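1. How does the following fold in three dimensions:
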Amino acid sequence: ATSAYRRTHRQFACLDLPRPALSRTCSPRPSMATSARAALGRGWRATADLCDLLGDRLRYVDCLGWRDFGGIQRFCGPVATVQCMEDNTQVKAAVAEAGHGRVLVIHAGGCRTRAVVGDQIAKLAEQNGWAGFLVNGCVRDAVELANVPVGVKALGTHPRKTEKRGDGLRDVPVTFGGVTFVPGQDFVVCDEDGVVVGELALFDEEQQAAT
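-> Here you go, the predicted model:
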């Protein structure tokens, strides 16, 4: 365990990333995800509309050159996270579990030399009830991804797969695009205009005000 800890933290030494302790935080309860999905109401609320409604109560992810690759361009859900670099072991482990409508936010350090999500991982995520992926990094199998009914928003594509060393961290706060994503606490909304984030309680309040 000690060697795995040292190896995982060495991989982030070349990045401007925090060095959190290894964590196996429990996934958010299904009731939390159900409540958060209901927070957007029966119809879709675009990011632009949410910005008008909630203003500075939201957190706005910087435009990093986001591109949509999945079969769904508009998606949202409670945040789950993976922090990794050229190793998608923890990404695959996460989507092998029930998603309950969550969005997997992957901080891959903005890496453009390996793809952390491909068609097989996307299909597994769809089968297990994940809403989609927000990837600070690259994906591959772009043609196939377009036929999988999940959201996949990423920086670009690269055909090369990652290593499988078992590195990476799950369910820890991750920061990119000027925003910190907190698993089990935040809700993320993605569409063609961009990405906004807020606390779960904020979307519950908005829903109550709309009803």
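2. ok, what's across the strand from the spatially most central residue of the chain?
-> Central residue of the chain (CA atoms, centre = their mean): residue 105, 1.7 Å from the mean position. According to DSSP bridges, the partner residues bridging residue 105 are residue 81, residue 134.
3. for it, what are its contacts?
-> Shown in contact with residue 105 (CB atoms under 8 Å, 6 or more residues apart in numbering): 79, 80, 81, 82, 133, 134, 174, 181, 183, 188. For every residue, glycine as well, the C-beta is placed using N, CA and C.
4. between the residues you listed, which is nearest residue 122?
-> Within the contacts of residue 105, distances to residue 122 taken as CB to CB reach their minimum at residue 133, with 7.4 Å.
5. Relative to residue 168, how far out is that closest one?
-> Between residue 133 and residue 168 the distance, using CB to CB, to the nearest Å, works out to 15 Å.
6. Mind putting the contacts of residue 105 into CSV with distance to residue 100 and pLDDT?
-> Formatted as CSV, the entries for the contacts of residue 105 read as follows, by distance: CB to CB, whole Å; pLDDT from 0 to 100:
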residue, distance to residue 100, pLDDT
79, 12, 97
80, 9, 98
81, 15, 98
82, 16, 98
133, 15, 98
134, 17, 98
174, 20, 98
181, 17, 98
183, 13, 97
188, 14, 96
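7. Select only the buried ones of these in ChimeraX?
-> Here is the ChimeraX selection string for the buried members of the contacts of residue 105, based on 16 or more other CB atoms under 10 Å:
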select :79,80,81,82,133,134,174,181,183,188
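8. Count the neighbours of the closest residue to residue 182 other than its chain neighbours for me.
-> With sequence-adjacent residues excluded and distances taken as CB to CB, 6 or more residues apart in numbering, residue 182 is closest to residue 173, at 5.0 Å. Taking other CB atoms under 10 Å as the neighbour definition, residue 173 ends up with a count of 17.
9. how far away is residue 173 from residue 137?
-> Going from residue 173 to residue 137 by CB to CB gives 17 Å.
10. do residue 164 as well
-> Distance, residue 164 to residue 137, by CB to CB: 16 Å.
11. and the end-to-end length of stretch 193-204?
-> 23 Å (CA to CA, to the nearest Å).
12. which residues sit against it?
-> Here stretch 193-204 makes contact (CB under 8 Å, 6+ apart) with 32, 35-36, 39-40, 46-48, 50-51, 54, 57-61, 63, 66, 78-79, 134, 153, 177, 179, 181, 185-189.
13. now, which of these lie within strands?
-> 59, 60, 78, 79, 134, 153, 179, 181, 186, 187, 188, 189 (DSSP state E).
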